[in-house]
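A.B. asks: just to be clear, the model below is a prediction. Sequence and coordinates:
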Amino acid sequence: MSDTRTTDGAGAPEHGLRRSLGFRDLVVYGLLFIAPMAPVGVYGTLDAKSHGAVALVYLVATVAMAFTAFSYAQMVRVVPQAGSVFAYARAGLGKEAGFVAGWMVMLDYLLIPAVAYLFSGIAMNSLVPEVSRWVWTALAVVITTLLNLWGVRTAARVGFLVLALEIVVLLIFVVSAVVMLARDGAHRDWLSPLAGDGTQGAFALSAVVGAVSVAVLSFLGFDAIASFAEEVTGGSEKVARAVLFCLALAGVLFVAQTYLVALLEPLSSAQLAADPGKQGAAFYDAVDASVGAWLHNLVAVSKAIGAAFAALAGQAAAGRLLYAMARDRRLPRVLSRTDSGVPRAALGCAAVITLVAAVWAARRDDGLDKLVSVVDIGALTAFTLLHASVVGWFAVRRRSGPPVWWRHVLVPVLGAAITVAVIVEASGTAQVVGAIWLAVGLTVLFAQRGRSGRGTDEDAPGGAV
């Protein structure tokens, strides 16, 4: 597909996306979507599942997701297009596989922001209970949508300030935890976050692996960086580096904070396992008991603001995905329109869908559980097709010359094995929803088969790795 575009006197493209993002902007979007303190909500669950080896869980999860990040880095260098995994699967596996990958990751990109908006609404409602959480949720959608419609550069600048706030809060937690540990000592053995606390028997590798299937969900969002490949200055190599950097930095932050909070945790992993009701608030309870309620409140406010801007990054990525699929005539053509380099029609469509899902969930007692149970299945399916795309492009089609077997076959095959294993471990509800969504996508694909696309597989841009 041609990426030719014209510009006006101000350097803005008349058609297509505006190139205005640098490496820092990409990192901001990636970390915003991931959220630096993502483990807060799932710490208790992971601690109970892993028999206390929660830091080891995140260490293993970082390595596991590194395979996916590496495959993204391989493909963004040779297919530097908006749409991310949709474009990669199209280039490496064919147009039909590209549609399926885009369709499946669409489920993730539309629902993860809805979950994040709901988290923000719940947090704000706890601080100002007089205002219903669905109102806070809707307000967060409106504010961040306006920022996205304003332009990717403006949203990145505001996002940088929010990310800086989250990092400051995380640093305050780290410093406070270190001070408390130095003064009062640890509740658990110093190596227990890496080896287990021993209260549920001997160290069990199976328990850690089972917890990893949940922990990898904390990393979902780093892949959104690849959606901005047509808006970055300086080439696609910058996108590849940002993807890898975001994953590595998130891994370090996750391991550090879970290690420290595990040492502060007054309850054993066995006690948390025996009382699931305490798992959701385990991080906050440990902070309350060791540091004080003031840090609890600070973390809660940070999570409320951070969740809304995590949704901003997700909504921006969803808009780019819809734009790319519409440009390829896989979705209504109107979604491929841009205005001063901003895909406002696609962004507006993504915002409306996310708003409906988020407000629906906010008005139900079980809304959060319903959304959380299905958000990961689309991304994991798309990741599997991403790994297959690397093999297809480099090893089967050999579009970039002779393949490097460890990089273009071994790594993606191992990565696909990991994502398939996580899909198998997903909840039954998630698997059913994923199957239904896939069936709908295949129906749409079948209906489109008689329609000729604007380009062929040969149109995908190539390049050296």
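C.D. replies: Here it is on my side, so go on. The model shown is predicted, which means the values in this text are computed figures rather than measured ones.
A.B. asks: any idea how many residues pack against V356?
C.D. replies: When counting by other CB atoms under 10 Å, one arrives at 13 neighbours for V356. C-beta here means a position set from N, CA and C on the backbone, and glycine is covered the same way.
A.B. asks: ok, now how distant is it from W134?
C.D. replies: Computed as CB to CB, to the nearest Å, the V356 to W134 distance reads 11 Å.
A.B. asks: please apply the same query to A421.
C.D. replies: For A421, the distance to W134 equals 37 Å [CB to CB].
A.B. asks: those two - which one has more neighbours?
C.D. replies: For A421 against W134, the residue with the higher neighbour count under other CB under 10 Å is W134, and the figures read 19 against 15.
A.B. asks: is it true that the more buried one touches G121?
C.D. replies: Yes - because the distance of 6.6 Å satisfies CB atoms under 8 Å, W134 is recorded as touching G121.
A.B. asks: what residues are shared contacts of those two?
C.D. replies: Both W134 and G121 are contacted by A362, under the criterion CB atoms under 8 Å, 6 or more residues apart in numbering.
A.B. asks: what about the stretch 351-465 of the chain, any weak spots by pLDDT?
C.D. replies: 366, 368-369, 372-373, 450-465 (pLDDT under 70).
A.B. asks: neighbours of V420, how many?
C.D. replies: The local packing of V420 (other CB under 10 Å) involves 15 other residues.
A.B. asks: correction: the previous question concerned R333.
C.D. replies: Neighbours of R333 under the rule other CB under 10 Å: 11.
A.B. asks: ok, now F67?
C.D. replies: Residues lying near F67 (other CB under 10 Å) number 21.
A.B. asks: so it versus A73, what's the distance?
C.D. replies: 11 Å.
A.B. asks: same check on G185?
C.D. replies: When CB to CB is applied, the distance between G185 and A73 equals 43 Å.
A.B. asks: pLDDT wise, what is the closest residue in space to M325 that isn't next to it in sequence at?
C.D. replies: When the adjacent residues along the chain are set aside, M325 lies closest to L331, with 4.6 Å between them (CB to CB, 6 or more residues apart in numbering). Residue-level confidence at L331 comes out at 83, pLDDT.
A.B. asks: also G201?
C.D. replies: For G201, the pLDDT comes out at 76.
A.B. asks: list the contacts of the closest residue to it other than its chain neighbours.
C.D. replies: Using CB to CB, 6+ apart and skipping residues adjacent in sequence, the residue nearest G201 is H51, 7.2 Å away. Residues touching H51, when contacts are defined by CB under 8 Å, 6+ apart, comprise G196, D197, G198, T199, Q200, G201, F203, A204, A207, V208, S269.
A.B. asks: of G185 and A73, which one has the most company?
C.D. replies: Legend: neighbour count by other CB under 10 Å for G185 and A73, higher for A73 (21 against 9).
A.B. asks: can you verify that one is assigned to a helix?
C.D. replies: Yes - assigned with DSSP: H, G, I helix; E, B strand; the rest coil, A73 falls within a helix.
A.B. asks: any idea how far it is from Y29?
C.D. replies: Applying CB to CB, one obtains 16 Å for the distance of A73 from Y29.
A.B. asks: kindly report the same for D223.
C.D. replies: D223 sits at a distance of 11 Å from Y29 (criterion: CB to CB).
A.B. asks: just give the number of residues close to V424.
C.D. replies: When neighbours are defined as other CB under 10 Å, V424 has 10 of them.
A.B. asks: coming back round to it: backbone torsions only: list them for the residue nearest to G201.
C.D. replies: Its backbone dihedrals place H51 at phi 60, psi 30, with angles given as degrees, to the nearest 10.
A.B. asks: now it: how far from R188?
C.D. replies: Summarising the geometry, the distance separating H51 from R188, computed by CB to CB, is 12 Å.
A.B. asks: mutual contacts of the two, please.
C.D. replies: Shared between the contact lists of H51 and R188 (criterion: CB under 8 Å, 6+ apart) are residues D197.
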